[in-house]
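*Asks:* sequence and predicted structure, then a few things I'm wondering about:
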Amino acid sequence: MRIADGTRLVPGDVIAVLDGPAQQVLMAERTLLNVMSRLSGVATHTRRWADALEGTGCTVLDTRKTTPGLRALEKYAVRAGGGTNKRMGLFDVAMVKDNHVLAAGGVGAAYTAIRARYPDITVEVEVETTEQALEALEAGSRFLMCDNMSTDLLRATVAAARAWAGGAGRGGRDRGDGWTDPRRRRRVRSDRHRLHERRRADALLADHRPRPRPRMSLLSVTGPAKGFGGRPVLRGLDLEVAAGEVVALVGPNGVGKSTALRCIVGADTPDEGEVLLGEHRLDTRQPQTRRAVCAVLGDLGILPDLTVAEHLDLLARGHAVEDPAAIVAGALDEAQIEHVGDQLPGTLSSGQAQRFALATAMVRPWTLLPADEPEQRLDDAGRGWLGDWLAGHAAAGRAVLVACHDPEVVRRSGARIVTLEGDV
């Protein structure tokens with residue numbers, strides 16, 4: 001590559017030179033040109049919008065409706081063109097649409113119901129009128145999509161939202177009673193309106209809300225068994241992991257520690273047994289599961305043309321974290337790989353690659369971290385840092401389950417030890 005991604009081109013610029021055996025070049029060139037042309041088109045179209053909006057404070061967001069198989073690349077092209085990734089799929093942002101509004105009886109009630117059930121996920125509200133926009137703002141939404149509005153209606157809605165945020169309220173004037181203070185505005189809001197919304201949310205969630213119980217385990221594993229080629233590899237494991245603790249699976253090679261982790265997160269299908277996340281079966285097809293579980297199992301999927309920092313940035317944006325640039329910078333610093341952030345993952349040393357894998361857990365939310373021998377390829381100082389890092393997550397109320405061979409990591413993490421035994 002002779003020109004960096006995001007560079008403006010003029011006719012005659014040489015973007016890249018392909019060198020290699022003629023047969024392989026001919027086999028690859030058409031696919032390569034097609035993909036590069038499409039991504040260049042995405043970046044160019046995004047850049048036109050970004051240039052048009054420059055200086056306005058507006059941001060160009062993209063869609064999740066990308067070409068099958070090319071989502072990560074097209075999302076990257078949007079960023080190269082000056083846009084911002086909105087979400088990676090249906091799992092990382094909830095959207096209140098017209099059918100939800102009809103079912104709940106109003107925009108505010110629909111938003112409140114989703115927020116009550118999923119307090120940690122970003123909620124976008126689709127509105128069709130200025131009144132709906134104000135109702136959503138009153139309910140607590142800060143992410144509105146004005147759907148199919150005329151230009152005049154859009155201007156009016158934006159003006160009303162700005163007035164609401166600035167304190168003018170629904171009536172379009174300063175009430176002179178502290179209404180410009182957002183805290184005051186919330187206090188004087190109708191108690192009857194709040195109670196009405198709460199009752200609607202309770203009615204919507206009554207059949208689905210988990211029953212609270214004291215100090216329930218975050219992860220419950222009962223009797224998983226797994227064999228390969230007729231040989232049993234894992235059997236007889238019963239395990240509970242609570243929020244706020246580190247649990248270490250220890251034992252010699254071949255007793256099923258890695259297999260246990262893979263069965264728990266669904267990377268392998270157990271022959272029998274049950275795995276619960278909270279009170280529900282752990283199912284990685286569910287968005288709440290994918291958001292809650294961050295697995296570091298040594299099989300990190302990478303895009304060969306993205307740098308370390310770009311991988312982390314894509315992951316952070318995919319999970320809709322606030323200020324992804326700052327989050328990525330902090331992760332690179334914490335993992336002590338800031339000096340290789342601009343390198344491709346394939347150029348890293350084995351120790352740097354392991355720190356990069358652990359850094360993926362620093363840029364996204366999670367409540368459960370299964371990690372398979374995370375101490376691998378780390379030096380003595382790195383293993384000490386790892387133990388302290390795991391302990392810090394437990395102290396923050398998260399749950400960590402590791403397969404580990406290093407006694408110092410286990411000691412410094414404060415882990416509860418579960419020893420696996422069996423035929424090696």
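*Replies:* That came through fine.

*Asks:* quick one: least confident helix or strand in this protein?
*Replies:* Sorted by mean pLDDT, DSSP states H and E, the helices and strands of the chain end with helix 182-187, the least confident at a mean of 37.

*Asks:* mind checking the SS state of the nearest residue to residue 328 once chain neighbours are set aside?
*Replies:* The shortest distance from residue 328 to any residue that is not its chain neighbour, by CB to CB, 6 or more residues apart in numbering, is 4.6 Å, and that residue is residue 312. Placement of C-beta: from N, CA and C, glycine included. Taking DSSP: H, G, I helix; E, B strand; the rest coil as the rule, one finds residue 312 in the helix state.

*Asks:* pull the contacting residues for residue 312.
*Replies:* The neighbours of residue 312, taking CB atoms under 8 Å, 6 or more residues apart in numbering as the test, are 328, 331, 332, 359, 360, 362, 363.

*Asks:* need those in CSV with neighbour count, can you?
*Replies:* Output for these, formatted as CSV (neighbours: other CB atoms under 10 Å):
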residue, neighbour count
328, 26
331, 27
332, 22
359, 25
360, 18
362, 20
363, 24
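
*Asks:* out of those, the closest to residue 230 would be?
*Replies:* Of all the contacts of residue 312, the one with the least separation from residue 230 (CB to CB) is residue 360, at 35.5 Å.

*Asks:* my guess is that closest one contacts residue 315, does it?
*Replies:* Yes: the pair residue 360 / residue 315 is scored as a contact, 5.9 Å apart, by CB atoms under 8 Å.

*Asks:* can you map out the helices along the stretch 1-150 of the chain?
*Replies:* When secondary structure is read from DSSP state H, counting those that start in this stretch, the stretch 1-150 of the chain shows helices at 22-52, 71-80, 98-104, 107-117, 130-139.

*Asks:* show me where this structure dips below the pLDDT cut-off.
*Replies:* Applying pLDDT under 70 to the chain flags the ranges 167-216, 422-424.

*Asks:* burial measure for residue 336, as a count.
*Replies:* As a burial measure, residue 336 scores 15 neighbours (other CB atoms under 10 Å).

*Asks:* surely it is in contact with residue 355?
*Replies:* Yes: at 6.4 Å, residue 336 counts as touching residue 355 under the criterion of CB under 8 Å.

*Asks:* and for the two, which residues touch both?
*Replies:* With contacts taken as CB under 8 Å, 6+ apart, the residues that reach both residue 336 and residue 355 are residue 382.

*Asks:* just the buried residues of stretch 54-62, please?
*Replies:* Judged by neighbour count (16 or more other CB atoms under 10 Å), stretch 54-62 contains these buried residues: 60, 62.

*Asks:* quick one: that stretch to chain centroid distance?
*Replies:* Relative to its chain's centre, stretch 54-62 lies at 23 Å (CA atoms, centre = their mean, to the nearest Å).

*Asks:* got a list of contacts for it?
*Replies:* When contacts are defined by CB under 8 Å, 6+ apart, stretch 54-62 is touched by residues 46, 49, 50, 53, 74, 75, 78, 82, 83, 84, 85, 86.

*Asks:* what residue is smack in the middle of this structure?
*Replies:* Geometric centre of the chain, nearest residue: residue 319, 2.3 Å, by CA atoms, centre = their mean.

*Asks:* quick revisit: relative to residue 340, how far out is the residue nearest to residue 328?
*Replies:* Look at residue 312 and residue 340: by CB to CB, to the nearest Å, they are 12 Å apart.

*Asks:* ok, back up a step: so which of the helices of the stretch 1-150 of the chain gets nearest residue 387?
*Replies:* For residue 387, the closest of the helices of the stretch 1-150 of the chain is helix 71-80, at 33.0 Å, according to CB to CB.

*Asks:* hang on, the earlier thing: go through the helices of the stretch 1-150 of the chain and pick out the most buried.
*Replies:* The densest packing among those, expressed as mean neighbour count by mean count of other CB atoms under 10 Å, is seen in helix 107-117 with a mean of 23.

*Asks:* CA atoms of the longest strand along the chain as CSV?
*Replies:* Across the chain, the strand with the greatest residue count (assigned by DSSP state E) is strand 219-228. Only the C-alpha atoms of strand 219-228 are listed here, as CSV (Å, rounded to 0.1, in the frame of the first residue of the first chain):
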residue,chain,number,x,y,z
LEU,A,219,-22.5,-18.4,36.4
SER,A,220,-23.8,-21.8,37.3
VAL,A,221,-22.3,-24.9,35.6
THR,A,222,-23.9,-28.3,36.2
GLY,A,223,-22.4,-31.6,35.0
PRO,A,224,-21.1,-30.7,31.6
ALA,A,225,-19.5,-33.6,29.7
LYS,A,226,-17.5,-33.6,26.5
GLY,A,227,-15.7,-36.2,24.5
PHE,A,228,-13.7,-36.4,21.3
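
*Asks:* residues making contact with stretch 247-256?
*Replies:* Stretch 247-256 has contacts (CB under 8 Å, 6+ apart) with 226, 233-235, 237, 239, 241, 257, 260-261, 399-405, 409-410, 413, 415-424.

*Asks:* rerun at 6 Å
*Replies:* Under the criterion CB atoms under 6 Å, 6 or more residues apart in numbering, residues 233-234, 241, 257, 401-404, 410, 415-420, 422, 424 lie in contact with stretch 247-256.

*Asks:* my guess is residue 136 contacts residue 107. True?
*Replies:* Yes: under the criterion of CB atoms under 6 Å, residue 136 lies in contact with residue 107, with a separation of 4.9 Å.

*Asks:* who is residue 125 paired with across the strands?
*Replies:* Here residue 125 sits in beta bridges with residue 96, residue 144, as judged by DSSP bridges.

*Asks:* next up, the contacts around it.
*Replies:* Residues touching residue 125, when contacts are defined by CB under 6 Å, 6+ apart, comprise 96, 111, 136, 141, 144.
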